[in-house]
Structures are given as structure tokens and as C-alpha cells.
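**Q** starting from these lines, generate the structure:
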Amino acid sequence: MRALVILVIGILVVGAGTAGLTVERQGSAGGDMQQPAAPASMEDGGDGVDDAAHFKYYQNDSDISQWYEWWYLNVKGDNGHNLLIEFFTFGDLNNPLTSAVGVVMLFMDEDGSTYKSLKSYPGIPYSLSYETCDVSIAGDRFVRRDDGSYDVTYNNYLQQVDVDLHVTRLTAPVAGRRDMLNDREWMAWNAAVPAGMVQGTVSFRDDGRLRHFNMSGVGYHDHNWGIARKLPLQWDWGEFTDPAVPVTFMYGAAKIGDGPYEHGGVNIATASGERFIPIENISLAYREWETIAGISKPTELHITGSNGSCSVNATVRLHRYYLVAGTGWFGMPYLAGSLTADIHMDGRHIEMRSVVGFYEHHYFSPFS
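**A** Numbers count the residues shown, from 1 in each chain. The predicted structure is shown next:
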């Protein structure tokens with residue numbers, strides 16, 4: 001789950017699934033009804049990562065109205081500007097009245113302000129590949145090329161938004177994992193590009209003037225799908241990359257309802273491979289909290305754990321936040337954190353110092 005997803009869900013709930021083309025700037029602070037079997041293995045392009053679409057394998061599930069699938073990319077820009085973009089599908093895609101498909105973008109200016117663009121409307125044309133990552137929505141593309149790189153394009157002509165990005169992978173991918181939240185709800189996830197170099201351009205019209213940015217920096221792409229109610233979900237997630245090593249530190253935990261986290265863990269990705277520490281071997285301790293835009297958020301957390309020859313000792317501290325929705329006194333903040341970590345993996349000691357990335361803490365609230 002992502003803050004962008006919560007933003008989209010909020011818009012779609014208010015609009016009963018009929019969100020149109022929207023843009024806002026925030027100040028500083030169909031197919032065949034026969035259901036085929038799901039693939040026995042999760043592979044795409046020979047790298048062990050399943051980045052293709054999945055809806056048709058579950059379209060006859062009695063809970064298909066709770067379906068979700070999205071392809072997500074963030075960019076930590078060298079110039080201080082950051083970007084999130086997500087291609088999403090929700091609900092029963094065989095019924096355009098009970099589903100939503102679209103693209104949402106969030107641009108985070110170096111001054112802390114944000115610019116949002118959403119394209120989603122009833123009957124929006126789209127196509128999904130079940131062989132590889134190739135998502136097309138109203139002319140926008142999220143596609144994996146034969147060489148393993150990715151191209152992501154997004155256009156919103158009414159607001160003159162134009163995004164054109166190319167992503168080249170630096171580390172090994174993180175292969176897919178699926179967790180059963182209960183006997184009916186489940187989540188699947190992988191990161192085809194834990195760390196990538198991004199080059200491209202972003203432009204949009206803001207307050208009557210056209211702004212243009214050359215985007216270069218570190219990118220992260222993951223892919224999520226499953227059947228689960230959205231608002232009752234609680235989760236923590238974060239990703240931090242040092243491209244000089246290169247190494248990516250990721251953590252995630254999810255549950256529905258109260259009690260301790262029982263699903264998730266820590267992933268470490270390097271150029272030579274990836275390692276996983278399951279949630280039962282992880283300690284995630286919240287050390288400090290702060291009310292940000294009316295919402296209580298952790299501003300310091302400590303993560304430790306080990307699995308065989310891999311161990312981590314990490315601290316995440318709030319670096320800054322961006323207001324995704326609402327006002328300065330009440331809204332939805334998106335958190336950027338600074339990671340300090342010591343990772344021991346197969347006899348190797350990796351130090352990560354003051355590495356900036358994104359992290360999340362969400363609970364039963366559309367504004368959390």
C-alpha cells in the first residue's frame with residue numbers, strides 16, 4: 001500500500017468510482033469470464049520477478065470487488081525534486097461501474113510543496129499484459145523493455161502534464177512473496193527495481209506557468225496485487241537506497257485489525273542478490289512520535305533482526321514530510337526519512353549512513 005493509493009481511494013469513494021481529471025497544488029508545510037489458473041511460478045523476463053498483470057487469474061473470486069493491483073515508481077531526484085507515479089486498478093475489472101483504473105502522479109518540489117495529477121474516469125481505455133510488465137492506460141505506459149529497463153510515460157493534456165522516464169536497474173530484483181492476512185484476504189508484492197537510475201523529464205502547468213524539470217536520480221519500482229479491504233489494513237513500509245554500493249534496505253509489515261504484525265519482514269538487495277529476514281525474526285520499535293498535519297506519525301523507529309548469515313541494525317528518523325492532501329493542520333503527510341544502518345550479509349559489512357528514502361505508517365483512517 002502507498003499514500004497515493006489512500007489518496008486515490010479517498011477520491012474514488014467520494015466520487016463513487018467516477019473520478020475525472022484532477023490536479024491540485026499543495027503548499028509547503030474487461031475480458032473473458034473463464035478464469036484461468038494462476039501461474040505456478042512467478043517469473044518475468046527470466047529474472048524471477050513476476051511483474052505482469054494478475055486479475056484474470058482471480059476474476060471469479062467471490063471477493064473480487066476487493067481486488068487491487070498497481071505498479072509504483074518513486075524517484076529521489078539529484079536536484080532535490082522527488083516524484084511518485086502509480087498505475088492502478090481496483091475492483092472487478094469486468095464491470096466498469098464497480099472498478100477503477102487510472103494513473104496518479106505526485107511531484108514533490110524541493111521547497112516542500114506538492115503537485116498532484118490524477119487521470120481516472122468511467123470507461124477509460126486500458127490494456128494489461130499477462131506475460132510481462134506492459135500496462136497501458138489512456139495512452140500512458142508502464143513497460144519493461146527487453147533489456148530489463150523500464151519506460152514510464154504519463155500525459156494529462158488538460159493540465160499540460162507530461163512525464164517521460166527511463167529506469168535502469170542497479171541491484172538484483174526482489175522476487176514475489178504472498179501473505180495470507182486471513183482465510184479470505186491476501187497480499188502479494190515484489191520489487192522488480194529495488195534500486196535504479198532514472199533519467200527523464202517532467203513538466204506541468206502550475207499557477208498559469210509551464211514548469212519543466214530534468215529528472216535524474218535514484219528510482220524504486222514495486223508491484224502489488226491482492227484481495228483485501230483497504231481501510232482496515234494497517235501497515236509499515238520503507239525503502240532506502242545507497243546507489244554508491246549499491247544496496248537497498250526495505251522493510252514492510254501488514255495486518256488487518258489489532259495485534260502484532262504477523263506478515264512482512266526486511267529485504268536487502270545488492271548487485272549480486274537479495275536476502276530476506278521474515279517478520280518473526282524482526283523487532284520494529286517506535287521510539288519517537290510527532291503529530292504531523294493532525295496525524296500521529298513515528299519520527300524515529302529502530303529495526304533489528306537476523307536470518308542465517310544476514311543481520312540488520314537500523315534506525316529511521318524523519319527527514320521531512322510532504323502534504324499529499326488536506327491542510328497544514330489536518331491532512332495526509334507523506335514521510336521522507338533518513339536511514340542509518342549496519343548490515344552484515346555473508347561476511348560482508350555494509351554501512352548505510354544518512355540515506356534518504358520514503359517510509360509509511362498507516363492504520364484505520366483514510367488520512368493516516
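**Q** so R145 makes contact with D151?
**A** Yes. Using C-beta atoms under 8 Å, R145 makes contact with D151 at a distance of 6.5 Å. The way it works is simple: take the backbone N, C-alpha and C, and place the C-beta from them, glycine included.
**Q** the helix or strand hosting W71 - which strands sit beside it in the sheet, and in what orientation?
**A** W71 is part of strand 67-77, with elements assigned from DSSP states H and E. In the sheet, strand 67-77 lines up against strand 82-91 (antiparallel), strand 209-227 (antiparallel) (DSSP bridges).
**Q** could you check how far it is from the centre of its chain?
**A** 4 Å (C-alpha atoms, centre = their mean, to the nearest Å).
**Q** end-to-end on stretch 285-302?
**A** Start-to-end span of stretch 285-302 (C-alpha to C-alpha, to the nearest Å) is 5 Å.
**Q** how about that stretch: buried residues?
**A** I292, A293, I295, K297, P298, T299, L301 (16 or more other C-beta atoms under 10 Å).
**Q** state the mean pLDDT of that stretch.
**A** For stretch 285-302, the mean pLDDT works out to 94.
**Q** go on, stretch 310-330?
**A** Mean predicted lDDT for stretch 310-330 stands at 89.
**Q** repeat for stretch 254-274
**A** 89.
**Q** give me the distance from that stretch to the chain's centre.
**A** 14 Å.
**Q** swap in stretch 140-151?
**A** On C-alpha atoms, centre = their mean, the centre of stretch 140-151 falls 17 Å from that of its chain.
**Q** show me the shaky parts of the stretch 101-250 of the chain.
**A** For the stretch 101-250 of the chain, applying pLDDT under 70 flags no range at all.
**Q** just the strands in it please.
**A** 114-119, 126-128, 134-137, 140-144, 150-156, 161-169, 174-180, 186-206, 209-227, 233-242, 247-256 (DSSP state E, counting those that start in this stretch).
**Q** go through stretch 267-282 and flag the buried ones.
**A** N267, I268, A269, T270, E274, R275, F276, I277, I279, N281, I282.
**Q** cool, stretch 131-139 as well?
**A** So for stretch 131-139, counting by 16+ other C-beta under 10 Å, buried means C133, D134, V135, S136, I137, A138.
**Q** which one of the strands paired with strand 67-77 is the most hemmed in?
**A** Mean neighbours per residue, mean count of other C-beta atoms under 10 Å, is largest over the strands paired with strand 67-77 for strand 82-91, with a mean of 23.
**Q** quick check, central residue of the chain?
**A** In the chain, the centroid-proximal residue (C-alpha atoms, centre = their mean) is Y72; its distance is 4.5 Å.
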